[in-house]
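Asks: predicted coordinates and the sequence they were generated for:
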Amino acid sequence: MLFNYCEGDPEYDYNGNLIDTHYHKNDSNARFCEICGQRTVFFKEELLKPWEEFEKQNNSSIFEIATTFEENDDIPF
Ligand SMILES: [Zn+2]
């Protein structure tokens with residue numbers, strides 16, 4: 001059973017050093033932690049799908065730019 005934890009609520013000491021992180025269990029349909037307001041693990045997993053699509057588009061545009069540069073190199077000025 002995978003619990004829907006939040007990303008964690010960091011706790012700092014007076015020097016600003018991270019001393020602890022509190023993770024809270026949330027309902028499986030919760031996108032944000034009810035206690036600290038951080039995003040939940042399940043919400044992040046949902047984000048991965050559109051992010052993959054974005055990376056595909058990003059890669060293809062980079063490829064097009066690279067192809068354009070190669071074509072320019074072949075022109076002997
Ligand atoms: Zn939390």
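Replies: Thanks, I have it. Numbering: from 1, shown residues only.
Asks: what residues does the chain have near the ion?
Replies: 6, 9, 24, 33, 35-36, 38 (CB under 5 Å from the ion). To be clear about C-beta, it is placed using only N, CA and C from the backbone, and glycine gets the same treatment.
Asks: neighbours around D13, how many?
Replies: When neighbours are counted by other CB atoms under 10 Å, D13 registers 9.
Asks: and if you look at Y14?
Replies: Residues near Y14, counting by other CB under 10 Å: 5.
Asks: where's it relative to F3, distance?
Replies: Separation of Y14 from F3 (CB to CB, to the nearest Å): 32 Å.
Asks: now do the contacts for K25.
Replies: By CB atoms under 8 Å, 6 or more residues apart in numbering, the contact set of K25 is 3-5.
Asks: so what's E53 scoring on pLDDT?
Replies: At E53, the predicted lDDT confidence score is 62.
Asks: in this structure D20 contacts E11, no?
Replies: Yes - using CB atoms under 8 Å, D20 makes contact with E11 at a distance of 4.4 Å.
Asks: what about the helices in this structure?
Replies: 41-74 (DSSP state H).
Asks: will you turn the contacts of K25 into CSV that also has neighbour count, pLDDT and distance to S28?
Replies: Formatted as CSV, these follow (neighbours: other CB atoms under 10 Å; pLDDT from 0 to 100; distance: CB to CB, whole Å):
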residue, neighbour count, pLDDT, distance to S28
F3, 12, 84, 8
N4, 18, 92, 5
Y5, 15, 94, 11
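Asks: going by distance to the ion, which of those residues wins?
Replies: Y5 (7.6 Å; CB to the ion).
Asks: in the sheet, who's paired with the closest one?
Replies: Legend: beta-bridge partners of Y5 under DSSP bridges are K25.
Asks: what about it, distance to N15?
Replies: 27 Å.
Asks: can you list the low-confidence ranges for the protein?
Replies: Within the chain, the segments meeting pLDDT under 70 span 1, 47-77.
Asks: now with 90, please.
Replies: Low-confidence segments of the chain, defined by pLDDT under 90: 1-3, 28-29, 42-77.
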